[in-house]
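J.: Could you work out the structure for the sequence below:
(4 chains)
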Protein chains: 2
Amino acid sequence: MYAEPDLRELPLRERKKLRTRRALADTALRLFTERGYDRTTCDDVADEVEVSKRTLFRNFATKEDLAMAADAELWDAFLDEIETGPLTGPVVETLRRTIYEVLTGLDEDWDRRFLATRALVAATPALHVHGLRFCATTIDRAVTRVAAATGLADGLRLRLAVEVTIAAWHTASLTWSEAGGPDGRRGLIRHLDEAFSALPDVLALAP
Amino acid sequence: MYAEPDLRELPLRERKKLRTRRALADTALRLFTERGYDRTTCDDVADEVEVSKRTLFRNFATKEDLAMAADAELWDAFLDEIETGPLTGPVVETLRRTIYEVLTGLDEDWDRRFLATRALVAATPALHVHGLRFCATTIDRAVTRVAAATGLADGLRLRLAVEVTIAAWHTASLTWSEAGGPDGRRGLIRHLDEAFSALPDVLALAP
DNA sequence: ACATCTTTTGGCACTGAGTGCCAAAGTCTG
DNA sequence: CAGACTTTGGCACTCAGTGCCAAAAGATGT
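T.: Here you go, the predicted model:
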């Protein structure tokens, strides 16, 4: 569903639109990386793709969204999975499993783009925030979904569980990208394993 | 230090500047709440305070900062505390204690402003993100500081500890504000107690 | 192949956030 | 009160993002 079975089976119109969208995201990531996020305007990107600025902003609501398309793919897929898949067992464990499944189902090229995005974010304070945006809205929707599906009424505990999961994700993706993103998504999953297995002892962590 | 012993002891120039800053933040919070964040321009705020837009942006880097001045106060004080105070015992426990200390040391009026800010954020998707920004940059700086002070070299575990603390904070402040912010900061602290004491069992939370 | 309906695009003018610059005003020091 | 220093105002500017509508292009039925 998120792999890439979408190229030749769609009506021409949608195929073109999708191609434009990808060209925009790819070009943006490249230009932002080469010249810097702040020193690249949205017009630059639109020009390079030979598309009007208006079209760019119909595909991506903000410049940040344009830069973080890879993140959006991940979390969209995550929410899709959560809204359709089964939810049994401990919440944190379920969410963790879902992340793994989503990760392995993503586009071939996703690793590279995601890592490049991390580098870009690390170099761009203004973007730093928006990396969290996906996490935040995803948390909200995940909480709603999990509450509905499991009947867990304890809002505080449930939200805490989701937030802790995201904390683990966040930490893992950071350490992974700081290490240069070794071994693609398999490496990322290793860092996730590390983070999740570190969780139980975190409260006791002391100098 | 963050109470309010700053009114009559400062040179006139700084006193005025501080007053302008506060007027801007207060007026902004009021106008944003009354008319809505998106339907209030920065010029509106500047006009109301009878100050040029240029001055507004010398005091607050962005419109978001203007709206979330209360958050900034909290986290600035938190970082100050962390950079000067002692750091012994379990990291999460220390950070928790620091939050409590900072909370009790804040301005009289802080409760009201913070709660109003939460309501504003809840009503404004665009702001939703920036509430996390303080958390994020605070996490980074806190990690650095704690690492330096305790000699904890395990970046992953340390960051995880800080992130989990912030997750608890975030959850608590949300449930507190959703409950209408009962009992001011004492109520907030109760929610924090709840969140922190729920942490150990969160990994096992299941339907 | 053609007319028609629908979706997408381009281009333009506009709002609003945020910045650089410099002169004017205000504050501080002696 | 003079001169140093800081803050402010105002203007012109860049750039992100939007509303609008006409033109282009794909889809559909005959």
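J.: Can you report phi and psi for residue A:108?
T.: The phi/psi pair for residue A:108 (degrees, to the nearest 10) reads phi -50, psi -50.
J.: next one: residue A:40
T.: Per degrees, to the nearest 10, the backbone of residue A:40 is at phi -120, psi 120.
J.: same deal with residue A:51?
T.: According to degrees, to the nearest 10, residue A:51 has phi -140, psi 150.
J.: Residue A:87 now?
T.: Dihedral angles for residue A:87 - degrees, to the nearest 10 - are phi -130, psi 90.
J.: what's the answer for the one 5 residues further on, then?
T.: Listed backbone geometry of residue A:92 is phi -60, psi -40, with angles given as degrees, to the nearest 10.
J.: And the pLDDT for it?
T.: We have a pLDDT of 95 for residue A:92.
J.: Burial check on it, number of neighbours?
T.: 21 (other CB atoms under 10 Å in any protein chain shown). (C-beta placed from N, C-alpha, C; glycine too.)
J.: ok, now which ones touch it?
T.: Neighbouring residues of residue A:92 by CB atoms under 8 Å, 6 or more residues apart in numbering or on different chains: A:161, A:164, A:165, A:196, A:199, B:202, B:203, B:205.
J.: Work out which residue lies at the spatial centre of chain A.
T.: residue A:71 (2.5 Å; CA atoms, centre = their mean).
J.: Now name the helix or strand holding the nearest residue to it once chain neighbours are set aside.
T.: Spatial nearest neighbour of residue A:71, chain neighbours left out: residue A:134 (5.0 Å); criterion: CB to CB, 6 or more residues apart in numbering or on different chains. Using DSSP states H and E, residue A:134 sits in helix A:130-150.
J.: can you tell me which two in the contacts of residue A:92 are farthest apart?
T.: Within the contacts of residue A:92, two members stand farthest from each other by CB to CB: A:196 and B:205, at 14.5 Å.
J.: follow-up on the earlier one: run through the residues that contact the residue nearest to residue A:71.
T.: Applying CB under 8 Å, 6+ apart, the residues near residue A:134 are A:68, A:71, A:72, A:74, A:75.
J.: ok, then the element right after the helix or strand containing residue A:13?
T.: Per DSSP H and E, residue A:13 falls inside helix A:12-35. Using DSSP H and E, the helix or strand that follows helix A:12-35 in sequence is helix A:42-49.
J.: buried set for that next one?
T.: A:42, A:44, A:45, A:46, A:49 (16 or more other CB atoms under 10 Å in any protein chain shown).
J.: Likewise for stretch A:15-25?
T.: For stretch A:15-25, by 16+ other CB under 10 Å, it's A:20, A:21, A:23, A:24, A:25.
J.: Kindly reformat those residues as JSON lines containing distance to residue A:13 and pLDDT.
T.: Formatted as JSON lines, those follow (distance: CB to CB, whole Å; pLDDT from 0 to 100):
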{"residue": "A:20", "distance to residue A:13": "11", "pLDDT": "97"}
{"residue": "A:21", "distance to residue A:13": "13", "pLDDT": "97"}
{"residue": "A:23", "distance to residue A:13": "16", "pLDDT": "98"}
{"residue": "A:24", "distance to residue A:13": "17", "pLDDT": "98"}
{"residue": "A:25", "distance to residue A:13": "19", "pLDDT": "98"}
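J.: related to what we said a few turns ago, wait, the residue nearest to the centre of chain A touches residue A:115, no?
T.: No: between residue A:71 and residue A:115 there is no contact under CB atoms under 8 Å: 11.6 Å.
J.: May I have the residues that are in contact with residue A:42?
T.: A:53, A:56, A:57, A:63, A:66 are the contacts of residue A:42 under CB under 8 Å, 6+ apart.
J.: what's the neighbour count on residue A:82?
T.: 21.
J.: Pretty sure residue A:187 sits against residue A:176.
T.: Yes: using CB under 8 Å, residue A:187 is in contact with residue A:176, at 6.1 Å.
J.: between the two, who's got more neighbours?
T.: More neighbours surround residue A:176 than the other of residue A:187 and residue A:176, with 26 against 17 (other CB under 10 Å).
J.: Just the element for the more buried one, please.
T.: Applying DSSP H and E, one finds residue A:176 within helix A:155-178.
J.: again, but for residue A:204
T.: When elements are assigned from DSSP H and E, residue A:204 belongs to no helix and no strand.
J.: distance of the residue nearest to the centre of chain A from residue A:118?
T.: Separation of residue A:71 from residue A:118 (CB to CB, to the nearest Å) stands at 9 Å.
J.: now swap in residue A:32 and tell me
T.: From residue A:32 to residue A:118 the distance is 12 Å (CB to CB).
J.: In terms of neighbours, single out the busier of those two.
T.: Shown here are residue A:32 and residue A:118; by other CB under 10 Å, residue A:32 has more neighbours (25 against 20).
J.: contacting residues around the more buried one?
T.: For residue A:32, the contact set (CB under 8 Å, 6+ apart) comprises A:40, A:67, A:120, A:124.
J.: The closest residue to DNA strand C within chain A: which element?
T.: Chain A approaches DNA strand C most closely through residue A:55 (3.3 Å), counting by CB to the nearest atom of the strand. Taking DSSP H and E as the criterion, residue A:55 maps to helix A:53-59.
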